[in-house]
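Student: Any chance you could fold what I've pasted below:
(one chain, ligands or ions: 2)
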Amino acid sequence: MEEIKQIKPPVEVRCGKELKALAACDTGRRPENWKLSPKAVRTFILGSREPLVYEGEEIHIEKKYLGNDALVERCIVTLAGNRGLMLVGEPGTAKTMLSELLSAAISGTSTNTIQGTAGTTEDMIKYTWNYALLLAKGPVREALVPSPLYIGMDRGIITRFEEITRTPAEIQDSLISVLSDKVLNVPELGDEGLLFARPGFNVIGTANTRDKGVNEMSSALKRRFNFETVMPVRDVALEKQIIISEVSQLAADSHIDMPVDEDVAELLASTYHELREGISSYGHRIDTPAAVMSTAEAVSVYYQTMMTAYYYGDSAMDVGCLVQNLTGAVRKETKDDLEKVKSYFNTVIRDKGSREGGIWKEYYEARKYLR
Ligand SMILES: Nc1ncnc2c1ncn2[C@@H]1O[C@H](COP(=O)(O)OP(=O)(O)O)[C@@H](O)[C@H]1O
Ligand SMILES: [Mg+2]
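Tutor: Numbering: from 1, shown residues only. Ligands and ions are numbered 1, 2, ... in the order given. Next comes the predicted model:
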């Protein structure tokens with residue numbers, strides 16, 4: 001049979017070998033129904049120095065989340081307890097990535113997910129009915145269409161709830177009884193309508209702080225979660241490393257045979273870092289744009305430029321094209337942002353260009369594309 005390709009296979013597929021090797025070598029204590037011990041989950045996310053030997057093959061466990069190791073440890077321990085885990089922070093700080101990694105390592109699947117939107121209803125969180133079956137057979141278990149929350153409880157796996165604060169607060173609150181009593185009532189099923197959660201069940205929510213005020217969470221629901229704030233990467237070298245590894249992965253997935261240009265990655269990492277922090281490495285004060293200057297945005301600006309070079313050009317990164325894509329990324333919110341980036345180029349990048357020359361000078365000259 002021909003293998004069906006996916007644009008982006010889930011993490012348990014992409015890292016299937018790593019997960020198998022970790023399970024085979026796992027000697028740590030394991031909470032009931034977990035696929036791996038907390039120690040092995042930690043290794044899966046934070047990497048190991050030595051490769052594991054599995055079926056005669058050396059398997060390298062790569063570091064996937066770069067940043068705060070202690071945060072990852074706390075997240076894992078939270079999930080072993082009876083409270084949910086809520087990851088909050090700016091967009092693009094790897095909240096979704098972390099929740100996928102945790103679910104894949106703990107439950108073997110990262111796809112049991114509710115996507116929070118303004119249109120999310122209580123049915124989508126709990127259960128719905130297959131109406132043809134409901135009419136034919138009445139309210140029987142067979143006619144019930146389980147939600148990801150129902151499936152999580154029934155199978156003892158993690159349910160992810162993405163962007164939870166985008167859903168109206170009263171809808172979010174349907175989680176309260178499930179999280180506190182670990183039971184979901186389906187009144188239509190009568191005596192058989194109580195679904196008790198199996199061990200291994202828990203909820204990982206994510207929420208963007210930029211969405212704050214859209215729909216706050218009730219304090220009753222907040223009490224059922226441990227909150228962890230995920231911060232943007234604050235180290236230029238680390239940010240550069242993320243850009244390189246993410247872009248390499250994207251390129252490999254799309255069969256784009258082109259190496260990542262380290263200098264260009266550095267240019268972007270430092271631009272995003274300085275515009276976010278409001279201060280340059282030379283000490284200039286910078287007006288920070290209102291748009292989110294996330295690492296994820298930097299990755300997409302790089303990748304866009306790379307594709308242009310690959311499909312239209314000669315496979316060399318063009319700094320002019322990079323600046324055009326940067327313009328597109330910062331113009332999303334307000335026009336003022338573009339003025340701020342222009343003034344950043346006219347001060348910081350001008351100075352770097354004259355002191356360091358080379359690609360920085362080219363970068364400064366490409367400021368004409370900032371419009
Ligand atoms: N600390 C980090 N470690 C590794 N990758 C990161 C980090 N911060 C951001 N990224 C990159 O940003 C991408 C977007 O993250 P995502 O999980 O979608 O963010 P969020 O859900 O917080 O908006 C990740 O897939 C990863 O490529
Ligand atoms: Mg997200």
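Student: which secondary structure element contains Val145?
Tutor: Assigned by DSSP states H and E, Val145 belongs to strand 144-146.
Student: For that strand, which outside residues touch it?
Tutor: By CB atoms under 8 Å, 6 or more residues apart in numbering, the residues outside strand 144-146 that reach it are 127-130, 154, 186, 189. From N, CA and C alone the C-beta is placed, and that goes for glycine too.
Student: Just the buried subset of these, please.
Tutor: When the contacts of strand 144-146 are checked for burial by 16 or more other CB atoms under 10 Å, the buried set is 127-128, 186, 189.
Student: residue contacts, the residue of the chain most remote from its centre?
Tutor: Centroid-distance maximum for the chain: Ala136 at 42.3 Å, with CA atoms, centre = their mean. If a contact means CB under 8 Å, 6+ apart, then Ala136 has no contacts.
Student: if I look at it, how far off is Glu142?
Tutor: Note on Ala136: its distance to Glu142, by CB to CB, to the nearest Å, is 10 Å.
Student: cool, Ile171 as well?
Tutor: If you measure Ile171 against Glu142 using CB to CB, the figure is 27 Å.
Student: Who has more neighbours out of those two?
Tutor: Between Ile171 and Glu142, Ile171 has the larger neighbour count (other CB atoms under 10 Å), namely 19 against 10.
Student: what about the closest residue to ligand 1 within the stretch 251-371 of the chain, how many residues close to it?
Tutor: Residue nearest to ligand 1 within the stretch 251-371 of the chain: Ala296 (3.5 Å; CB to the nearest ligand atom). Ala296 is flanked by 19 other residues according to other CB under 10 Å.
Student: That one: which element?
Tutor: For Ala296, the host element (DSSP H and E) is helix 295-311.
Student: So which other helices or strands are in contact with that helix?
Tutor: helix 236-253, helix 262-277, helix 319-330 (3 or more CB pairs under 8 Å, 6 or more residues apart in numbering; DSSP states H and E).
Student: list the buried ones in the longest one?
Tutor: So the one you mean is helix 236-253. So, applying 16+ other CB under 10 Å, buried residues of helix 236-253: 236, 239-247, 250-251.
Student: What mean pLDDT does stretch 289-298 get?
Tutor: When pLDDT is averaged over stretch 289-298, the result is 91.
Student: Buried residues of that stretch, list them for me.
Tutor: Neighbour-count burial for stretch 289-298, counted by 16+ other CB under 10 Å, picks out 289, 291-298.
Student: again with stretch 143-158
Tutor: By 16+ other CB under 10 Å, the buried positions in stretch 143-158 come out as 143-144, 146-150, 152-153, 155-158.
Student: start to end distance for that stretch?
Tutor: End-to-end distance for stretch 143-158, by CA to CA, to the nearest Å: 24 Å.
Student: Quick check, Val72 in contact with Thr43.
Tutor: No. If you go by CB atoms under 8 Å, Val72 and Thr43 don't touch, sitting 10.4 Å apart.
Student: From the chain's centroid, how far away is stretch 30-45?
Tutor: Per CA atoms, centre = their mean, to the nearest Å, the displacement of stretch 30-45 from the mean C-alpha position of its chain is 20 Å.
Student: returning to what we had before: export the buried residues of stretch 289-298 to JSON lines and append columns for distance to Tyr344.
Tutor: Output for these, formatted as JSON lines (distance: CB to CB, whole Å):
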{"residue": "Pro289", "distance to Tyr344": "9"}
{"residue": "Ala291", "distance to Tyr344": "13"}
{"residue": "Val292", "distance to Tyr344": "16"}
{"residue": "Met293", "distance to Tyr344": "11"}
{"residue": "Ser294", "distance to Tyr344": "17"}
{"residue": "Thr295", "distance to Tyr344": "18"}
{"residue": "Ala296", "distance to Tyr344": "20"}
{"residue": "Glu297", "distance to Tyr344": "15"}
{"residue": "Ala298", "distance to Tyr344": "15"}
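Student: quick one: Ser300 from Leu250, how far?
Tutor: Distance from Ser300 to Leu250, by CB to CB: 9 Å.
Student: still on that earlier bit, the buried residues of helix 236-253: which ones sit near ligand 1?
Tutor: 242, 246 (CB under 6 Å from any ligand atom).
Student: Residues of the stretch 101-250 of the chain that sit close to ligand 1?
Tutor: Residues of the stretch 101-250 of the chain lying near ligand 1 by CB under 6 Å from any ligand atom: 206, 233, 242, 246.
Student: quick revisit: from the buried residues of helix 236-253, which is closest to Leu36?
Tutor: Distance to Leu36, by CB to CB, is smallest for Ser245 among those, at 22.9 Å.
Student: Return the distance of the closest one relative to Ala252.
Tutor: 11 Å.
Student: got it, and Thr165?
Tutor: With CB to CB as the criterion, Thr165 and Ala252 are 34 Å apart.
Student: Go through stretch 330-345 and flag the buried ones.
Tutor: For stretch 330-345, a neighbour-count test (16+ other CB under 10 Å) marks 330-331, 337-338, 340-341, 344-345 as buried.
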